[in-house]
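Student: here is the input, now give the coordinates:
(one chain, ligands or ions: 1)
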Amino acid sequence: MYTSKISGLGYYVPENVVTNDDLSKIMDTNDEWIQERTGIKERRHIKKGDGNSTSTMGVKAAEIALERAKLSNDDIDLIIFATLSPDMYFPGGGVRVQDMMNMKTIPALDIRNQCSGFVYALSVGDQFIKTGMYKNILVIGSENHSGGLDMTTRGRGVSVIFGDGAGAAILTRSEEEGRGILSTHLHSEGAHAKELSLEGPSTDHWVPEIIAENPQEDIPYYPYMNGQFVFKNAVVRFSEVINEGLQANNLSPADINMLIPHQANLRISQFVQKQFRLSDDQVYNNIQKYGNTTAASIPIALTEAWEEGKIKEGDVVVLAAFGSGFTWGSAIIKW
Ligand code: UT7
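Tutor: The predicted structure follows:
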């Protein structure tokens, strides 16, 4: 019986720091509102000409993860790339990584599950390892949000929240029972697809149609979020899917050494922390520095927590995410 162990982690964020005060110069918002409602102090945005894109950031994170796993590019059997903001409409980011990293003609798969993209990607990778098909899998979550946000007062409910960045993990086959990814739990509820969505350009809304039919004040090619509805669903689904993972492994909240929630909103993380009666040491948050980086948020936070020595051999690490789709999921890992 094979299990998947995380053998390497890495992350990359663009150098350009955008503070809440910076945003208040271009839209009607302020540091107090953003911090109080979301916990965010600053985020990173790609700067035009700095060479960053969704796939290049993914490559930078992947290179660090590979080095830490003590593996070379040739050891990787599969790339799984989670993003909602690929460089191109098609093809996806995975093939760009395969090219930029000069990898063999290994398969590259893109995952379109937004904030839960990384948990979904980890789950897919885990299945390939469990069946014995692959030995080492590169899993990336990367987002370039800043280029696609409405940076005017009209878009402030969404645009102050999101940031750019990438995180990566190497999944490696192990025969050590009871270690590595113990289980993953995935869900979706498409009835709420439009509550957090970007409708166009798409086959529902091609560019000429958007231009012809939409007045400037109702542009469907910026992300839309029904914030309060998403918030209410998030807190319920986070708790459900963490419980599901704990129960499947006969664990209780007290057994959690580290919970890494998707960094959607500090208030959501704090709500979940309270529900499970977890101490500050049992939960890792870094939304204050990076905002919500969607598919990248969990691998960035996981890497930082690991770098800071907050995750040790034998620890029970829980990953949980909720977002657009709606989709949500958890992963229970014995480190
Ligand atoms: O990662 C994927 C999952 N995403 C999430 O989980 C996000 C979930 N939702 C949220 O985090 C919160 O709903 C937000 C942070 C997005 C918004 O917080 P809220 O407490 O739900 O605020 P709201 O949307 O109800 O807006 C309250 C007020 C409104 O003004 P009025 O109508 O009360 O006068 C907004 O126009 O705040 C106003 N507002 C802002 N004011 C200053 C909205 N955005 C801003 C802003 N700066 N950036």
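Student: going by C-alpha atoms from here, please, whenever you check contacts or count neighbours.
Tutor: OK.
Student: mind listing what's buried along stretch 238-245?
Tutor: Neighbour-count burial for stretch 238-245, counted by 16 or more other C-alpha atoms under 10 Å, picks out Phe238, Ser239, Val241, Ile242, Asn243, Glu244, Gly245.
Student: so which elements touch the longest helix seen in the chain?
Tutor: As assigned by DSSP state H, the longest helix anywhere in the chain is helix 227-248. Counting contacts by 3 or more C-alpha pairs under 8 Å, 6 or more residues apart in numbering; DSSP states H and E, helix 227-248 is packed against strand 180-188, helix 266-275, strand 316-323, strand 327-334.
Student: go again with 10 Å.
Tutor: Applying 3 or more C-alpha pairs under 10 Å, 6 or more residues apart in numbering; DSSP states H and E, we find helix 227-248 packed against strand 180-188, strand 196-197, strand 258-261, helix 266-275, strand 316-323, strand 327-334.
Student: how far away from the center of its chain is that helix?
Tutor: Computed by C-alpha atoms, centre = their mean, to the nearest Å, the chain-centroid distance of helix 227-248 equals 16 Å.
Student: give me the angle between that helix and helix 266-275.
Tutor: 40 degrees (axes from the mean of the first three to the mean of the last three C-alpha atoms, to 10 degrees).
Student: so for stretch 94-110, mean pLDDT?
Tutor: What stretch 94-110 shows for mean pLDDT is 98.
Student: can you show me the CA trace of it as PDB?
Tutor: The C-alpha coordinates for stretch 94-110 follow below in PDB (Å, rounded to 0.1, in the frame of the first residue of the first chain):
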ATOM      1  CA  GLY A  94       0.800  22.900 -16.300                       C
ATOM      2  CA  VAL A  95       2.200  22.700 -19.800                       C
ATOM      3  CA  ARG A  96       4.000  26.000 -19.500                       C
ATOM      4  CA  VAL A  97       5.700  24.700 -16.300                       C
ATOM      5  CA  GLN A  98       6.700  21.500 -18.200                       C
ATOM      6  CA  ASP A  99       8.300  23.700 -20.900                       C
ATOM      7  CA  MET A 100      10.000  26.300 -18.600                       C
ATOM      8  CA  MET A 101      11.400  23.600 -16.400                       C
ATOM      9  CA  ASN A 102      12.700  21.600 -19.300                       C
ATOM     10  CA  MET A 103      10.900  18.500 -18.100                       C
ATOM     11  CA  LYS A 104      10.500  15.300 -20.100                       C
ATOM     12  CA  THR A 105       7.100  14.900 -21.900                       C
ATOM     13  CA  ILE A 106       5.400  14.100 -18.600                       C
ATOM     14  CA  PRO A 107       1.700  14.700 -18.300                       C
ATOM     15  CA  ALA A 108       0.500  18.100 -17.100                       C
ATOM     16  CA  LEU A 109      -3.000  18.600 -15.700                       C
ATOM     17  CA  ASP A 110      -4.700  21.800 -14.700                       C
END
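Student: and that stretch, what's buried?
Tutor: Quick answer for stretch 94-110 (16+ other C-alpha under 10 Å): Gly94, Val95, Arg96, Val97, Gln98, Met101, Met103, Ala108, Leu109, Asp110.
Student: which strands and helices sit next to the strand or helix carrying the second one?
Tutor: Using DSSP states H and E, Val95 maps to helix 93-100. Helices and strands in packing contact with helix 93-100 are listed as helix 54-68, strand 78-82, strand 108-111, strand 136-143; criterion 3+ C-alpha pairs under 10 Å, 6+ apart.
Student: just the ones you listed: most buried one?
Tutor: Ranked by mean neighbour count, those are led by strand 136-143 with a mean of 31 (mean count of other C-alpha atoms under 10 Å).
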